[in-house]
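1. Turn this into a structure:
(one chain, ligands or ions: 1)
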Amino acid sequence: MKKSDVLIIGGGVAGLMAGIELAKNNKKVILLEKENMVGGQCKTEVLESGDETYRFDYGGHRFITNNEVLLSFVEEVLGDDLLIAKRSSVILHQNRIYEYPLNLKNLLKVAPLKLLLGASLDTLKILLKLIKPNDSDFKSWISSRFGKTLYENFFGPYTEKLWGVKPEKLSADWAGQRISLIDLKDVIKKLLFKNKKTARTYAISYRYPKYGFGGLPKKMAEKFISLGGEIILNEAVESFTYKDNKIQLVHTKNSIYEANQIISTMPLNEMSTKLGFESGLKFRSLRFLCLGLDIEDFSPHTWQYVSDYDLLPTRIQEPKRRSSSMSPKGKSSIMLEIPCNKNDEIWNMNEDKLLELVKKDLKKLKFEIEDKIVDYFSFSTEHAYTLMDIDYSEKRDKTIDYLNNFQNLIMAGRQGTFRYIFLDTAMETGLMAAQKILNDESHTKEKIYNHRNEKTVIETKSVA
Ligand SMILES: Cc1cc2nc3c(=O)[nH]c(=O)nc-3n(C[C@H](O)[C@H](O)[C@H](O)COP(=O)(O)OP(=O)(O)OC[C@H]3O[C@@H](n4cnc5c(N)ncnc54)[C@H](O)[C@@H]3O)c2cc1C
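-> Numbers count the residues shown, from 1 in each chain. Have a look, this model is predicted:
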């Protein structure tokens, strides 16, 4: 049996952040990671083709924070490998390219007359208060604030493709958390004037590690180990021995662990099942198809959102736009993000078949790159997005109430707290969990689980 002061489950950025803080304060810490490397959703996968290297993140990350201390930490960990990148995004919709964020000049130039007329009529109805805000579900939230035309053209099809469920079955929280503009009046203000408050979605500059985001957890792991922490890879937590209000032992296939305190960043639903409570919470998965290309540049854009429902990918990204070191000199690459559920047809599809389908979609989008594909591979993540269905909030509250019975357990991170948070916020929850163990009573479990309310997550202004 292995003993420690604190056992951390999960070697993503949240778990590593907690580990560093605890080890710095002389705690004996063991971190268990089920995969063969640390990083979780912040890993970078590598495609070696001949003697050339292409790098791909789990969906192309950006580091944005308004926490100066956190930024200094990341700067110190990554040193010269931390770049400042600029993003450019567009929305592809029915063979038209819209600038993102939307701007009036581009909309008037690109949008078809029917869409402009429909949206103008909806705007009028909303401004005259003929339609009142309705928060009962995602569809109602959007249609009552942006109108039927924009819902049917953009928000509805994209959302259904992303989540695999009808938007009326999704919680309005999803819209409230992800759409940085409150309603059409806000859109108009944004279109006409330069709003000083920068929503995260609108931030142009961001920090990015030279060789992909996986550089951050790798360097954090080195720091943790140099402070005396221990990381055990390929060590999945399978079960717990628990009694009353305490987790006594943690079991993996090979070993048993005992610790005074446990910080867990494994998905909230899996944690609660192992402790005897079925949460009913679900995740949406993503499959990433990555293509190495024998072309200098695919496009000038970091991200291209594919809003058409009948095309598989939701986003196409070109890693080189974040850092030129992501693809070989003179070449480029693209990654297609394809939403799915674990073990569905897309999840299980063989790579060649997936490539054939995607090639057809790329053709429909007028990207003629078929003869430029040098090599390809794919990987997936089961827990890409917390599924915010209509009653997720109630299910989450009940699960957290149940887990709160265990006095020596703190949940942290994105999956661990079942929240759609970004990596900076995930790191902060790890830090708070560690500080709570180090007797900072200002951090209650409730504060950790709800750290940064939705508005501040969205309005985080880049300090980059
Ligand atoms: C497509 C996509 C794009 C994103 N883009 C951005 C972005 O641009 N900017 C941004 O800031 N954030 C972005 N994020 C979010 C960011 O990746 C996460 O917030 C962050 O990586 C979460 O870190 P974490 O440590 O909480 O969780 P994770 O990274 O998921 O780490 C949890 C770890 O626990 C391990 N684990 C799970 N179960 C067990 C077990 N039973 N035993 C042992 N170990 C276990 C997992 O293997 C994993 O390594 C994006 C996420 C996705 C999916």
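2. What residue in the stretch 51-200 of the chain comes nearest to the ligand?
-> Nearest residue of the stretch 51-200 of the chain to the ligand, counting by CB to the nearest ligand atom: residue 59, 2.5 Å away. Heads up, the C-betas are built off the backbone N, CA and C, glycines and all.
3. Just want the phi and psi numbers for that residue.
-> phi 100, psi 10 (degrees, to the nearest 10).
4. Would you map the helices across the stretch 151-300 of the chain?
-> Counting by DSSP state H, counting those that start in this stretch, the stretch 151-300 of the chain has these helices, from start to end: 156-163, 172-178, 184-192, 215-226, 268-274.
5. domain parsing for the chain?
-> Here the domain parsing of the chain from automatic domain parsing is 2-40+214-281+389-458, 44-66+79-87+203-209+283-386, 99-199.
6. Show me which residues of the chain are close to the ligand?
-> Contacts of the chain with the ligand, taken as CB under 6 Å from any ligand atom, map to 9-15, 32-35, 40-42, 58-59, 61-63, 236-237, 265-266, 286, 381, 384, 413-415, 421-424, 426.
7. coming back round to it: between the helices of the stretch 151-300 of the chain, which gets nearest to residue 434?
-> Shortest distance between residue 434 and these, using CB to CB, is found for helix 215-226: 11.3 Å.
8. Quick check, pLDDT for residue 100.
-> Per-residue confidence (pLDDT) for residue 100: 81.
9. which residues sit in contact with it?
-> With contact taken as CB atoms under 8 Å, 6 or more residues apart in numbering, residue 100 is in contact with 89-91, 303, 305.
10. Show me where this protein dips below the pLDDT cut-off.
-> Applying pLDDT under 70 to the predicted model, the residue ranges of the chain that meet it are 102, 176-203, 454-464.
11. how about 50 then?
-> Within the chain, the ranges that satisfy pLDDT under 50 run 182, 457-464.
12. Where does the stretch 301-450 of the chain get nearest to the ligand, which residue?
-> Here the residue of the stretch 301-450 of the chain nearest the ligand is residue 413; by CB to the nearest ligand atom that distance is 2.4 Å.
13. Return the most buried member of the domains of the chain.
-> domain 2-40+214-281+389-458 (a mean of 20; mean count of other CB atoms under 10 Å).
14. Please state the offset of that one from the chain centre?
-> If you compare the mean C-alpha spot of domain 2-40+214-281+389-458 with that of the full chain, they lie 17 Å apart, counting by CA atoms, centre = their mean, to the nearest Å.
15. And the residue of the stretch 51-200 of the chain closest to the ligand, how close does it get to residue 392?
-> 21 Å (CB to CB, to the nearest Å).
16. try residue 64
-> Taken as CB to CB, the span from residue 64 to residue 392 is 25 Å.
17. Give me the distance between the two termini of stretch 233-253.
-> The first and final residues of stretch 233-253 sit 12 Å from each other (CA to CA, to the nearest Å).
18. for residue 165, what are its contacts?
-> Residues 387, 389 are the ones in contact with residue 165 under the rule CB under 8 Å, 6+ apart.
19. quick thing: my sequence starts at 26, can you match it?
-> Noted, 26 is the first residue going forward, which turns the last one into residue 190.
20. how about it, phi and psi?
-> As for residue 190, its main-chain torsions (degrees, to the nearest 10) stand at phi -130, psi 160.
21. and if you look at residue 342?
-> Backbone geometry at residue 342, expressed as degrees, to the nearest 10, gives phi -130, psi 150.
22. so it makes contact with residue 362?
-> Yes - checked against CB atoms under 8 Å, the pair residue 342 and residue 362 is within contact range at 7.4 Å.
23. Now do the shared contacts for those two.
-> The overlap between the contact sets of residue 342 and residue 362 (CB under 8 Å, 6+ apart) consists of residue 84.
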